[in-house]
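In: Compute the structure for the input listed below.
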Amino acid sequence: MSLRSGWSAWSRWTVVGALAIGVFLLVPRPSLANAALNEGIGAATVVAILVGVRMHRPSRPALWYFLAAGQAALVIGDTLFDYYELVRHDTPYPSVADVFYLLQFPLTAVGLFVLIKGRTSGRDRAGLLDAAIISTGLGLLSWVFLMEPLATDSSQGIAARIISVAYPAGDVLLLAMLARVLTTPGARTPSYWLLAAAQGMTMFADVGFSVLNTATGYETGAFDATWLVAYLLLGASALHPSMRSLSEVAPDRAPRISRVRLMVLAGTSLFAPAILFWQGATHHRIDWLAVSAGSVALFLLVVARISGLVSRVQDQATQLAALAHNDGLTGVPNRRAWELELPRELAKARRGRTPVSVALLDIDHFKRYNDRFGHQAGDELLKAAVAAWGSQLRPGDLLARYGGEEFGVVLPGLTVE
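Out: Predicted structure coming up:
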């Protein structure tokens, strides 16, 4: 077997893409060669997504088309920016490049929304609340440390400030969608994890660039390769064979809170008081409005989440109680319920000096019938007998399965005659 035939498309993409990123790091920056590599890898990612759709025929191709459109908008933005910087030797801000940079956020968000809708068969209230808690906590963090300083920067014009705030706001939007993707049910396939890693790496690159640019005036350098790693992961996700089942509806099942999930929810819920403590300890201006709004939102979301958990526990307790006291086949009370109710009815009759009748019912020759026609026929006979007896009883009477084909009946207020 040759190396070419032994490797899958996504593994070849990963190896070639990693080598291209290595070359990108070796080429001097800023330069036309470096820009060509950057845009080339980005454009190749768009092609990889389209090839993956054609190869694997996913059930919801719209997901991938929107992701490809978002990636294409990012590549066009990079091309325009490099044209301004390397050809015209001018970097206007804001510019047409910013339009395409910002366009990637809604396009990618729509793609992730299609993914979310495809993986949930109905209401997933718990997952939605968990995603909202994570997004609110991290959104508050982004506002205090990124968006609010940009919005109040008097050295920039109104248009520049709006565009500057729009970038971290777009990242918060994608963060919310990613959090929702991670809390949806469904199979955790390699394509799923590659896509989640790609979106996480993109947000890490965006936030990291903003922090570096604010702290050190960073414009270009080795950190630029983080975006290329995100491109590499996105292309691998689309080319992996498991992408065809990425957006399939997951079976309904009771959600389980893992320890990692609980730690993430607890950590993000504490962002508001942590920010307040940091601002007070470092004598920064306290952004009381944002912190207060974030605290209220997080509190209400956590209460809603706890309410859902309590309701779920109560429902399960009711179901368990019913299972513990009812016969699984016929639906009438079982022997345990009989042994609890019979003494109560007898004590009630003694106190009220009223009659009560107790009877044991047995289906004659049931074992012979069961052996001849099978257990399924025997079960149907038991259910039919219970239905017939139940139709003759009053609301206060008790019919219980004592065991096998034996049943007990308690008839309050009636004598044997």
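In: got the contact list for Thr330?
Out: Listed by CB atoms under 8 Å, 6 or more residues apart in numbering, the contact set of Thr330 reads 382-383, 386, 401. (Each C-beta comes from the backbone N, C-alpha and C, glycine too.)
In: just Lys367 next, same as before
Out: Lys367 sits next to Glu405 when contact means CB under 8 Å, 6+ apart.
In: What residues sit buried inside the helix or strand harbouring it?
Out: Per DSSP states H and E, Lys367 falls inside helix 366-373. Using 16 or more other CB atoms under 10 Å as the test for burial, helix 366-373 gives 366, 370.
In: just checking, next helix/strand downstream of it?
Out: Past helix 366-373, the next helix or strand by DSSP H and E is helix 375-392.
In: can you give me the helices in the stretch 1-150 of the chain?
Out: 3-6, 9-26, 32-56, 61-82, 96-119, 125-142, 148-151 (DSSP state H, counting those that start in this stretch).
In: which stretch among those helices comes nearest Ala179?
Out: helix 125-142 (4.0 Å; CB to CB).
In: Return the distance of that closest one from the chain's centre.
Out: Put simply, helix 125-142 sits 11 Å off its chain's centre (CA atoms, centre = their mean, to the nearest Å).
In: Run the angle between that helix and helix 96-119 for me.
Out: Orientation of helix 125-142 against helix 96-119 (axes from the mean of the first three to the mean of the last three CA atoms, to 10 degrees) gives an angle of 160 degrees.
In: Check what contacts helix 125-142 and list those residues.
Out: 120, 168, 171-172, 175-176, 179-180, 182-185, 207, 255, 261, 264-265, 267-272, 275, 290-291, 294, 297-298, 301-302, 304-305, 308.
In: May I see the buried residues of that helix?
Out: Applying a neighbour-count criterion of 16+ other CB under 10 Å, one finds 126-142 buried in helix 125-142.
In: shaky segments in the protein?
Out: 1-7, 121-123, 218, 249-256, 322-323 (pLDDT under 70).
In: Could you check the angle the helix holding Lys367 makes with helix 375-392?
Out: Put simply, helix 366-373 runs at 130 degrees to helix 375-392, going by the same axes, to 10 degrees.
In: and helix 366-373, how far out from the chain's middle?
Out: 51 Å.
In: For Leu234, which of the helices of the stretch 1-150 of the chain is the nearest?
Out: Closest approach to Leu234 among those is made by helix 32-56 (5.7 Å; CB to CB).
In: Which neighbouring elements make contact with that closest one?
Out: helix 9-26, helix 61-82, helix 225-239 (3 or more CB pairs under 8 Å, 6 or more residues apart in numbering; DSSP states H and E).
In: Dihedrals phi and psi, the residue nearest the centre of the chain?
Out: For the chain, the residue nearest the mean C-alpha position is Thr183 (1.8 Å; CA atoms, centre = their mean). When read as degrees, to the nearest 10, the backbone of Thr183 gives phi -100, psi 0.
In: Begin at 651, not 1, for the rest of this chat.
Out: Okay, residue one is now 651; in that scheme the one you just asked about reads as Thr833.
In: what about it, distance to Arg1001?
Out: Relative to Arg1001, Thr833 is positioned 56 Å away (CB to CB, to the nearest Å).
In: ok, now Asp803?
Out: Relative to Arg1001, and taking CB to CB, Asp803 is found at 82 Å.
In: out of the two, which sits in the busier spot?
Out: Neighbours per residue, other CB atoms under 10 Å: of Asp803 and Arg1001, the larger number sits with Asp803, 13 against 8.
In: does the more buried one sit in a helix, a strand or a coil?
Out: coil (DSSP: H, G, I helix; E, B strand; the rest coil).
In: show me what contacts the nearest residue to it once chain neighbours are set aside?
Out: Once flanking residues are discounted, Asp803 sits nearest to Arg811: 6.2 Å by CB to CB, 6 or more residues apart in numbering. The neighbours of Arg811, taking CB under 8 Å, 6+ apart as the test, are 800-801, 803.
In: pull the longest helix from this protein.
Out: helix 938-975 (DSSP state H).
In: Closest one of the contacts of Arg811 to Gly930?
Out: For the contacts of Arg811, the nearest to Gly930 is Ala801 (21.9 Å; CB to CB).
In: hmm, back to that, how about the helices of the stretch 651-800 of the chain in TSV, adding distance to Leu1010?
Out: Converted to TSV, those look like this (distance: least, CB to CB, whole Å):
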stretch	distance to Leu1010
helix 653-656	73
helix 659-676	69
helix 682-706	65
helix 711-732	63
helix 746-769	54
helix 775-792	47
helix 798-801	78
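In: Between those helices, which one is closest to Asp977.
Out: Checking those against Asp977 by CB to CB gives helix 775-792 as the closest, at 32.5 Å.
In: Report the inter-axis angle for that closest one versus helix 938-975.
Out: 160 degrees.
In: What is the neighbour count of Thr729?
Out: Thr729, neighbours per other CB under 10 Å, totals 18.
In: Could you pull up the residues touching the residue lying closest to it once chain neighbours are set aside?
Out: Nearest residue to Thr729 in three dimensions, chain neighbours excluded: Glu689, at 5.3 Å (CB to CB, 6+ apart). By CB under 8 Å, 6+ apart, the contact list for Glu689 reads 725, 728-729, 732.
In: Dump those residues into TSV; add distance to Tyr881 as well.
Out: Below are these laid out as TSV (distance: CB to CB, whole Å):
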residue	distance to Tyr881
Val725	9
Asp728	11
Thr729	14
Asp732	16
